[in-house]
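> Generate coordinates for the sequence data below:
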Amino acid sequence: MTIPIDYNKMQKELDRRKYMGQVYTGKYETWQATKLGIKTYGKWCNLVGWKNLTDQKWTSTPEFMNLAIKRNWAEMIYDFDMKANVAKQTKFGYDLFKTFEYWIDEKAQKRVVRKKQINGIMTGFQKLLQGMPKFMQQISTMMTSLAPPEKSKPMKRGKRVTKKKSISDNNTHTFEEWNNLDRNEWWKI
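This is a model prediction of the structure:
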């Protein structure tokens with residue numbers, strides 16, 4: 001199970017560290033990376049092995065690694081495959097720099113906006129489908145009220161016609177009828 005990133009919390013952290021700045025473009029307000037933010041992001045990508053989206057080459061230094069560990073962005077662990085200590089990202093570091101990537105990648109921002117629009121449309125469509133059975137029931141009730149009443153056939157009153165018993169009907173007795181009779185009156189069947 002993946003835990004979603006709390007962009008608001010991470011945005012406050014990026015803003016507090018002066019890695020991003022809030023700007024107004026004339027149409028809308030957005031966040032943009034500062035020089036310090038791009039430099040820190042580049043060193044982070046080099047430290048943990050991420051692809052740098054800014055296409056700038058920054059190398060991580062031991063001082064930056066110590067800073068990342070001090071700020072709880074990374075942890076030093078022993079890698080048995082490499083047989084050395086390596087820096088691995090923490091959840092906090094991952095969330096922080098994924099939020100930074102989100103704000104420097106315009107395509108990612110457009111994808112999120114498009115996804116929200118699609119989810120809004122799908123939610124409306126689901127509500128429409130949920131209301132459909134009730135609507136169909138209302139139409140059915142309306143149609144039955146408009147239909148002419150059914151004519152029922154008049155019942156005939158009079159004598160009941162009884163069927164005469166034929167001789168072949170004598171053979172249709174069940175075993176229980178044969179078994180429950182007195183042995184003396186077997187001919188009455």
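> Are we agreed that residue 75 is in a strand?
Yes: under DSSP: H, G, I helix; E, B strand; the rest coil, residue 75 falls within a strand.
> OK, contacts around it?
Going by C-beta atoms under 8 Å, 6 or more residues apart in numbering, residue 75 touches 69, 87, 88, 90. C-beta coordinates here come from the backbone N, C-alpha and C atoms, glycine included.
> Equivalent analysis for residue 48, please.
Going by C-beta under 8 Å, 6+ apart, the list of residues near residue 48 reads 74, 87, 88, 89, 93.
> Report how many residues lie close to the third one.
It stands for residue 88. By other C-beta atoms under 10 Å, 14 other residues sit near residue 88.
> Point out the other helices and strands that the longest helix along the chain packs with.
When the chain is parsed with DSSP state H, its longest helix is helix 106-146. With contacts defined as 3 or more C-beta pairs under 8 Å, 6 or more residues apart in numbering; DSSP states H and E, helix 106-146 has these neighbours: helix 91-104.
> Centre of the chain to the helix it packs on, how far?
24 Å (C-alpha atoms, centre = their mean, to the nearest Å).
> Tell me the buried residues in it?
Of the residues in helix 91-104, 93, 94, 95, 96, 97, 99, 100, 101, 102, 103, 104 count as buried by neighbour count, 16 or more other C-beta atoms under 10 Å.
> With just CA atoms, put it into CSV.
Taking Å, rounded to 0.1, in the frame of the first residue of the first chain, the C-alpha atoms of helix 91-104 are listed here in CSV:
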residue,chain,number,x,y,z
LYS,A,91,9.6,8.7,3.2
PHE,A,92,10.0,12.4,4.2
GLY,A,93,12.8,12.9,1.7
TYR,A,94,11.0,11.1,-1.0
ASP,A,95,7.8,13.2,-0.5
LEU,A,96,9.8,16.4,-0.3
PHE,A,97,11.6,16.0,-3.5
LYS,A,98,8.7,14.5,-5.4
THR,A,99,6.7,17.6,-4.5
PHE,A,100,9.6,19.7,-5.8
GLU,A,101,9.5,17.6,-9.1
TYR,A,102,5.8,18.2,-9.4
TRP,A,103,6.2,21.9,-9.3
ILE,A,104,9.1,22.0,-11.8
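> Outside of that helix itself, list whatever touches it.
Residues contacting helix 91-104 (C-beta under 8 Å, 6+ apart): 3, 5-7, 9-11, 13-14, 19-20, 30-33, 37-38, 41, 44-45, 48, 50, 53-54, 68, 72-74, 89, 108-109, 112.
> now it and helix 106-146, what's the angle there?
90 degrees (axes from the mean of the first three to the mean of the last three C-alpha atoms, to 10 degrees).
> Which helix or strand contains residue 51?
Using DSSP states H and E, residue 51 is not contained in any helix or strand.
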